[in-house]
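Enquirer: Provide a 3D model corresponding to the input given below.
(2 chains, ligands or ions: 2)
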There are 2 protein chains.
Amino acid sequence: MDHGAPLGAWGEAPSGRVLDPKTEAFARARLGEPLGAPGPSETAGRGAGQTVHDNSALTPERMHALFPGVEWSLEASLRARFSRGMSYLNLMSWRAGDVVRLPDAVVFPTSHDDVLKVLAACSAQGIAVVPVGGGTSVTGGVDTPNLNTVVVCSLDRMSEVQNLDTESGIVTVQAGATGPQLESYLKDRGWTLGHFPQSFERATIGGYIATRSSGQSSSGYGRIEDLLVGAEVATPVGTLSVGGYPASATGPDLRHVVLGSEGALGIVTSADLRVRAFPTFREYSAAIVPGDFSAAARVVRALTRSPLRPTIVRASDEAETKALLTMSGPGGVLGGAFSMYMRMRRALPGSLIIVGWESESATTLAAMRAFARETLADAGTVSIGGRPGRSWVASRFLGPYQRDAMMDAGYLVETFETVVVWSAIDDTHHTLAEVVRTQLGDDSYVMAHISHSYEVGASLYFTVLAGARSDPRASMDRWRSAKAAIMDALAECGAAVSHHHGVGRDHRDFLPAAIGPVGEDILRAMKTTLDPGWIMNPGALVTRSDGQR
Amino acid sequence: MDHGAPLGAWGEAPSGRVLDPKTEAFARARLGEPLGAPGPSETAGRGAGQTVHDNSALTPERMHALFPGVEWSLEASLRARFSRGMSYLNLMSWRAGDVVRLPDAVVFPTSHDDVLKVLAACSAQGIAVVPVGGGTSVTGGVDTPNLNTVVVCSLDRMSEVQNLDTESGIVTVQAGATGPQLESYLKDRGWTLGHFPQSFERATIGGYIATRSSGQSSSGYGRIEDLLVGAEVATPVGTLSVGGYPASATGPDLRHVVLGSEGALGIVTSADLRVRAFPTFREYSAAIVPGDFSAAARVVRALTRSPLRPTIVRASDEAETKALLTMSGPGGVLGGAFSMYMRMRRALPGSLIIVGWESESATTLAAMRAFARETLADAGTVSIGGRPGRSWVASRFLGPYQRDAMMDAGYLVETFETVVVWSAIDDTHHTLAEVVRTQLGDDSYVMAHISHSYEVGASLYFTVLAGARSDPRASMDRWRSAKAAIMDALAECGAAVSHHHGVGRDHRDFLPAAIGPVGEDILRAMKTTLDPGWIMNPGALVTRSDGQR
Ligand SMILES: Cc1cc2nc3c(=O)[nH]c(=O)nc-3n(C[C@H](O)[C@H](O)[C@H](O)COP(=O)(O)OP(=O)(O)OC[C@H]3O[C@@H](n4cnc5c(N)ncnc54)[C@H](O)[C@@H]3O)c2cc1C
Ligand SMILES: Cc1cc2nc3c(=O)[nH]c(=O)nc-3n(C[C@H](O)[C@H](O)[C@H](O)COP(=O)(O)OP(=O)(O)OC[C@H]3O[C@@H](n4cnc5c(N)ncnc54)[C@H](O)[C@@H]3O)c2cc1C
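Expert: Numbers count the residues shown, from 1 in each chain, chains lettered A, B, ... in the order given. Ligands and ions are numbered 1, 2, ... in the order given. Now for the predicted structure:
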């Protein structure tokens, strides 16, 4: 977590998050008038002074005694930075000036042994520990629980690349490294991890693993679980080393206990990750699939079921296609080119598909591209050329900045996501869009895309926009009740609680229905084994059978 | 398990397992004289009457009371069939006429609810349960433990295909279905699972899942864990349903608790498996890589690291290449063709590589083939054409029959396997071959191949042959001490306890060192949660912390 990062916002400074004029026009037309500055945006990004309070249950003396040799801080503004993640409700709580529980201290271990010591001390004293990587959780995974004493264990000082096994294609890296830190090391040496979530700029390797993250190029590179060869985990009962082999038949695969453990079982301190030759050849393209979203889903399915599948496949529904067409700024795909606009109009109504190919081999890329072109042509799609694809790739990390700008204008902006098998995709898409519309009413806009696809199904990622309210708490309540209806609808559709955001505190109550009482008992047993005092990220992922943290 | 199957042998009848003359000549030259019939082969395949004893701890009355409405048998010869798996030591114990512990009864549930009832009854009475699918375990996974009362739960009556979701490409099948049962259903409808272990003819879906099996076409289709979308599991504490999504971020992935559970946590009753369009296009080819095995491993690595990787990649070391060259019968690859023999001689010494491509698309197959040809050419390999590849594919399920014939001749024949990252492959290959040679001496032959490869590493599969002994127990002791040395050497090389055979009883004592005490405690916690009375397959996979079953 970048300590200089603004509070309650993604972007560095308000200038970096100006609403692009076409987006603003679109928002005005669909969501109603924005709120003019000065508004809540003034507090955000400035330190939100009013939310910071000083009292900590821990004193410097106690800290020295508890964590000898480990760096720490009791400073209130620093503790505030570590008190929340990046969900809409998190960001709004800054803007609303909500007084939230701060962690009592932040510790900064630098090694696996440091982390072991921190956990042993906290375990002995019954002090709760919240592991924090980039702090980009959107499911309440890093929100400070309301308990007696809470220490954040930050992975900020653990971002070293420890080894690169070029024969095996495995990098060993400390869990606190961010995407850019690892990728720049790898790129210098001709390799890539290929894991690019939209939160790439800030999220960490440990966070990826703990939440089962999936990057935007997952069709080509796989999810984080496909990249994880092995991991070192510090737990209150000692060290757990998992994996180390490409695959094995040695009982249950304990890597999959660590993947998705969300700080509730232990702290990943380093990971062995599969890397690939840096893809010197890269191409992106876009097309419109005429017809409704189900036609686009079938195209994605056909693209995904081949070994020649593209590295990136993304299909927007009609609502998102319309929005992307309108917003030509960052996040918009047309870059203002009139000819493309005309070609696109001809094919509309329809769904925008973006495909990308990355390879270190030009021949392989050509084979992949030929397969996709044939598949797209068979489906009667209208190509709109390489520019929208390139433009999407160039701006793919800009979404969060635009979110800030939309929030500055007072709009509600949030996303949710799920995953289903292909036979349930249309129903899930329809049902959820309808639920959002019913919940949020006329001054709202819901759009969706498939960005992660598999042979047997795909994720659905929804973006929800709604009109500005001058009282931030009204917007927050509005979203809270919509979200509750969304979670119920997902369960009814047989769709997963999450495809890549995780469970955290926000989805925790919906997990038991999905995994059943026996499944829940397995999680509890894992937890009790690794964390007998239940000090690890209490309230996230799993609760005791009596519902207590 | 086919109840009519011969005891202590794979083949139906001695006629089906005659040693091919060239193989016999090879064996004579390398391993010494065979033992002439009549030998132990006479007992094998005939029922090995002397090993069957009648006493069961259970009576018909007790069975009725325990398992109302469930089919069962107390018949001694049937119980004998279910008393052991298919390891060399298992097969030899039939030939030696060893009196082994028989299970007290065999039950044949037909539904998930039946299985739940069986487990509840056994749990209440402290009766041990051994789940048996095809009974092809080579790690002692189905050997009757020496406990008071032991019931085998056979999945024989649960082999129905329950659903085929053609939109999603998912088949739902009861866990007792064998490979051929499922594949023939799928083929009729234009699909395939693509999972072809050498034990395909007999092993079951539940057995695949429980042991983390890997088929011979794993490069193209993936391991069983890549195919498993979801599973229903009956446990002593009730039903556990896992998965159901292509992927998700909902905490630890409980599918990976079931995968590799080896009957020690519960009984898989049905599974949702990913299927693919039946590959109407299939081609196989072979080449010799000049130089030592490490050169061949590098070629396999290059082939595997591309999305255009072949469906099948297999590389034999020099010893295995020599043997395959000599044995032109089933299992031999040359089929006696002189021109190929000459081409092969020119390239020798070297390593035989077999590659295969399967696809429902001719274009895709062509792209894959072009990539492989280029990669093989770049490595300076000598193509020996399509025939050896086709011949290998045609005979790929015949290995076990030849093993019977070799054992009939008194020879020691066994295999062992492991998996390592690429940077450790040469060392592991050398070290293990050397250990076997040292252990078994001059009248032995050890050969190896890579048959499952991954981007970061590969499996190593060793076949061990040694001279005939007239006393079967001498052969068994000989293998036991070699195997102990092998397991130690694997650990020293950082190689896995198993790549696809599993842990069972034979490898159980080697698992703790591999997963560490914390890992072991997680397994125990899973076990205690699902099987509080520790009645499930006691002694397999995991033991209590006091070492007790
Ligand atoms: C704008 C935006 C876009 C996003 N886009 C994506 C996306 O495309 N794909 C995607 O998968 N996710 C996405 N996310 C979600 C989030 O970025 C991921 O969940 C990410 O993996 C979290 O990484 P982090 O380092 O920020 O973890 P944090 O937020 O710090 O922590 C997340 C959880 O993991 C735990 N944790 C963190 N580090 C460790 C560790 N070393 N050991 C054990 N537990 C640990 C925490 O306790 C917490 O429960 C997005 C979030 C935002 C705000
Ligand atoms: C000649 C030969 C060749 C082989 N080749 C391969 C190969 O290429 N690849 C490979 O992966 N393996 C191979 N094996 C090993 C073996 O075939 C596999 O382990 C297979 O998966 C076992 O399936 P099965 O149905 O026979 O299981 P069984 O032998 O009946 O049981 C194996 C284990 O799984 C448990 N089990 C079985 N069914 C269930 C269930 N429904 N629920 C829970 N637990 C269950 C048992 O209790 C036992 O612990 C080979 C074996 C032989 C003899």
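
Enquirer: tell me which stretches of the stretch 201-350 of chain A form helices.
Expert: A:205-211, A:218-221, A:224-227, A:255-258, A:293-304, A:318-326, A:338-347 (DSSP state H, counting those that start in this stretch).

Enquirer: B:S470: which of these is closest?
Expert: Closest to B:S470 of the helices of the stretch 201-350 of chain A, according to C-beta to C-beta: helix A:255-258, at 47.9 Å. Every residue, glycine included, has its C-beta placed from N, CA and C.

Enquirer: among the helices of the stretch 201-350 of chain A, which is nearest A:T235?
Expert: helix A:255-258 (9.9 Å).

Enquirer: does any bit of that closest one sit next to chain B?
Expert: Yes. For helix A:255-258 and chain B, the contact criterion (C-beta under 8 Å from any C-beta of the partner chain) is met by A:R255, A:H256, A:V257, A:V258.

Enquirer: and if you look at stretch A:512-532?
Expert: Yes. For stretch A:512-532, a contact with chain B is found by C-beta under 8 Å from any C-beta, at A:514-519, A:521-526, A:528-530.

Enquirer: residue contacts, the closest residue to A:L155 other than its chain neighbours?
Expert: Leaving aside its sequence neighbours, A:L155 sits nearest to A:G176 (C-beta to C-beta, 6 or more residues apart in numbering or on different chains; 3.1 Å). For A:G176, the contact set (C-beta atoms under 8 Å, 6 or more residues apart in numbering or on different chains) comprises A:G133, A:S154, A:L155, A:D156, A:R157, A:M158, A:S159, A:T204, A:I205, A:G206.

Enquirer: and if you look at A:A485?
Expert: Contacts of A:A485 (C-beta under 8 Å, 6+ apart): A:V435, A:T438, A:Q439.

Enquirer: tell me the one among these nearest to chain B.
Expert: Distance to chain B, by C-beta to the nearest C-beta, is smallest for A:V435 among the contacts of A:A485, at 19.6 Å.

Enquirer: mind pulling up the pLDDT for the closest one?
Expert: Among the per-residue scores, A:V435 shows a pLDDT of 98.

Enquirer: quick check: it touching A:K483?
Expert: No. Under the criterion of C-beta atoms under 8 Å, A:V435 makes no contact with A:K483, lying 10.3 Å away.

Enquirer: show me which residues of the stretch 251-400 of chain A sit near chain B.
Expert: The stretch 251-400 of chain A has residues A:251-262, A:265, A:274, A:276-277, A:305-309, A:359, A:361, A:363-364, A:367-368, A:370-371, A:374 near chain B, with proximity defined as C-beta under 8 Å from any C-beta.

Enquirer: pull out the buried residues from stretch A:285-305.
Expert: A:285-293, A:295-305 (16 or more other C-beta atoms under 10 Å in any protein chain shown).

Enquirer: what's the answer for stretch A:133-147, then?
Expert: For stretch A:133-147, by 16+ other C-beta under 10 Å, it's A:133-145, A:147.

Enquirer: now, which of these lie close to ligand 1?
Expert: A:G133, A:G134, A:G135, A:T136, A:S137, A:V138, A:G141, A:V142 (C-beta under 6 Å from any ligand atom).

Enquirer: out of those residues, name the ones that lie in strands.
Expert: Using DSSP state E, no member of those falls in strands.

Enquirer: need the max-distance pair from those residues.
Expert: A:G133 and A:V138 (13.4 Å).

Enquirer: from ligand 2, how far out is A:S391?
Expert: The spacing between A:S391 and ligand 2, counted by C-beta to the nearest ligand atom, to the nearest Å, is 47 Å.

Enquirer: so which strand or helix has that residue?
Expert: Using DSSP states H and E, A:S391 falls within helix A:387-394.

Enquirer: which helices and strands sit right next to that helix?
Expert: With contacts defined as 3 or more C-beta pairs under 8 Å, 6 or more residues apart in numbering or on different chains; DSSP states H and E, the packing partners of helix A:387-394 are strand A:281-290, strand A:350-359.

Enquirer: mind doing that once more with 6 Å?
Expert: Judged by 3 or more C-beta pairs under 6 Å, 6 or more residues apart in numbering or on different chains; DSSP states H and E, the packing partners of helix A:387-394 are strand A:281-290.

Enquirer: give me the neighbour count for the residue of the stretch 401-549 of chain A found nearest ligand 1.
Expert: Closest contact between the stretch 401-549 of chain A and ligand 1, by C-beta to the nearest ligand atom, is at A:H500 (3.6 Å). Residues contacting A:H500 under the criterion other C-beta atoms under 10 Å in any protein chain shown number 26.

Enquirer: which element is it on?
Expert: Going by DSSP H and E, A:H500 is not in any helix or strand.

Enquirer: surely A:L58 touches A:L102?
Expert: No. Here A:L58 lies out of contact with A:L102, judged by C-beta atoms under 6 Å, at a distance of 11.4 Å.

Enquirer: report the contact partners of A:C493.
Expert: A:T428, A:T431 (C-beta atoms under 6 Å, 6 or more residues apart in numbering or on different chains).

Enquirer: one more pass at 7 Å, please.
Expert: A:V420, A:A424, A:D427, A:T428, A:T431 (C-beta atoms under 7 Å, 6 or more residues apart in numbering or on different chains).

Enquirer: per-residue confidence at the residue of the stretch 401-549 of chain A closest to ligand 1?
Expert: 98.

Enquirer: same check on the one 4 residues further on?
Expert: A:G504 carries a pLDDT value of 98.

Enquirer: again with A:G36
Expert: 64.

Enquirer: element containing A:R28, please.
Expert: helix A:21-31.

Enquirer: tell me the buried residues in the helix or strand following that helix?
Expert: Counting by DSSP H and E, the next helix or strand C-terminal to helix A:21-31 is helix A:60-66. For helix A:60-66, burial by neighbour count (16+ other C-beta under 10 Å) applies to A:R62, A:M63, A:L66.

Enquirer: which one of A:L58 and A:L102 has more residues nearby?
Expert: Higher neighbour count among A:L58 and A:L102: A:L102, with 25 against 18, using other C-beta under 10 Å.

Enquirer: ok, the more buried one touching A:F82?
Expert: No. Using C-beta atoms under 7 Å, A:L102 makes no contact with A:F82, being 8.0 Å away.

Enquirer: for A:S218, see how far away A:S137 is.
Expert: A:S137 sits 19 Å away from A:S218, going by C-beta to C-beta, to the nearest Å.
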